[in-house]
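**Q** quick one, fold the following:
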Amino acid sequence: MEFQFDLNEPLQCLEQIYLQLSPMVVAFRPIASGGLFGPAFGSGLMLAYRGEAFIITTESVLTEICVAYRQQAWACSAGQSWPLRDLGYASSQLMDIGAIHLPADWLGRQPMPLCFDLGPAGWPDPLASAFTLLLGHPVPSRQPAAEPDAAIGVVARAYRNGRCDCDTMHPLFVEFDSRDILSSHPLDKAILQHNYQLCGTPAIGLYHSLRQDSNRLTATLQGFVTEWDRAGIGAVAASALLLHDFLDNFLRQMRQGASHVQGDMADLLARFRR
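**A** Now for the predicted structure:
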């Protein structure tokens, strides 16, 4: 996916990219009393890969969906909502990422989602990206903290952290400050990190693609936010480096009729109880 980029108006261009990508990002919500949606507890990304559709998020958010809420939750975005009950899912012990499969017959009965195209295998160096755009729904971690009514964007930059002091496997570190936050309501970095989490928020790398006639930014999925870094510099994301292999294995299991759901439920329950 490519976007026009004007070097003279970078912030305006990044805001347009944020607006175009936001409908692909979902907030996970349970059903509260009276049939209304409860508060969001995480984010995910609608993803297209090999002609199939998925929602990708972190393993911790997938655990909440499948264990805490027993899949009685919905994915919501841009006024649309998709029920997650009885959908197949998978997680991996090799990375902190999980996937929910959206089968074609199920999609035929639902609003058609906008999906981010994962594209072919290959993972460009995150440090070579011009920007890393975090797109997600802040989840209040302290009370009182109001839930923002729309996904926010954070224009971050990947950096090398030699200490690697985090709990995330294959971590990607990004830094940002208050002026990098794109939100319909004022939100500075200190308030965001102190009062909210960005669990499951996709990290989209934007790479310069120079051409004779224009400057463009190519969007590539880099990972999913798992935690704030302990130094307060920015956020930590689980790398999407192994995502192609993970999804290929997930699709292979489904085509073989394997009971991947039951196996992953046992694994998620064990880790949830720890």
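**Q** what about the helices in the stretch 101-250 of the chain?
**A** Secondary structure of the stretch 101-250 of the chain (DSSP state H, counting those that start in this stretch): helices located at 104-107, 189-195, 243-255.
**Q** in a markdown table, list the ones you listed along with mean neighbour count, distance to residue 62 and mean pLDDT.
**A** Heads up, the C-betas are built off the backbone N, CA and C, glycines and all. Shown next, in a markdown table, are the helices of the stretch 101-250 of the chain (neighbours: other CB atoms under 10 Å; distance: least, CB to CB, whole Å; pLDDT from 0 to 100):
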| stretch | mean neighbour count | distance to residue 62 | mean pLDDT |
| --- | --- | --- | --- |
| helix 104-107 | 11 | 18 | 93 |
| helix 189-195 | 16 | 23 | 91 |
| helix 243-255 | 17 | 12 | 91 |
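**Q** any chance of those in TSV, with distance to residue 135 too?
**A** What follows is the helices of the stretch 101-250 of the chain, written out as TSV (distance: least, CB to CB, whole Å):
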stretch	distance to residue 135
helix 104-107	22
helix 189-195	14
helix 243-255	17
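**Q** how about residue 11, secondary structure?
**A** Under the three-state scheme (DSSP: H, G, I helix; E, B strand; the rest coil), the conformation of residue 11 reads as helix.
**Q** ok, the nearest residue to residue 31 once chain neighbours are set aside - contacts?
**A** In space, residue 31 comes closest to residue 72 once its chain neighbours are excluded; the distance is 6.2 Å by CB to CB, 6 or more residues apart in numbering. Under the criterion of CB atoms under 8 Å, 6 or more residues apart in numbering, the neighbours of residue 72 are 30, 31, 85.
**Q** now a ChimeraX select for only the buried ones of those residues.
**A** This is the ChimeraX syntax for the buried subset of the contacts of residue 72, where burial follows 16 or more other CB atoms under 10 Å:
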select :30
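**Q** which single one of the contacts of residue 72 is nearest to residue 79?
**A** Each of those was scored against residue 79 by CB to CB, and residue 31 proved nearest at 17.0 Å.
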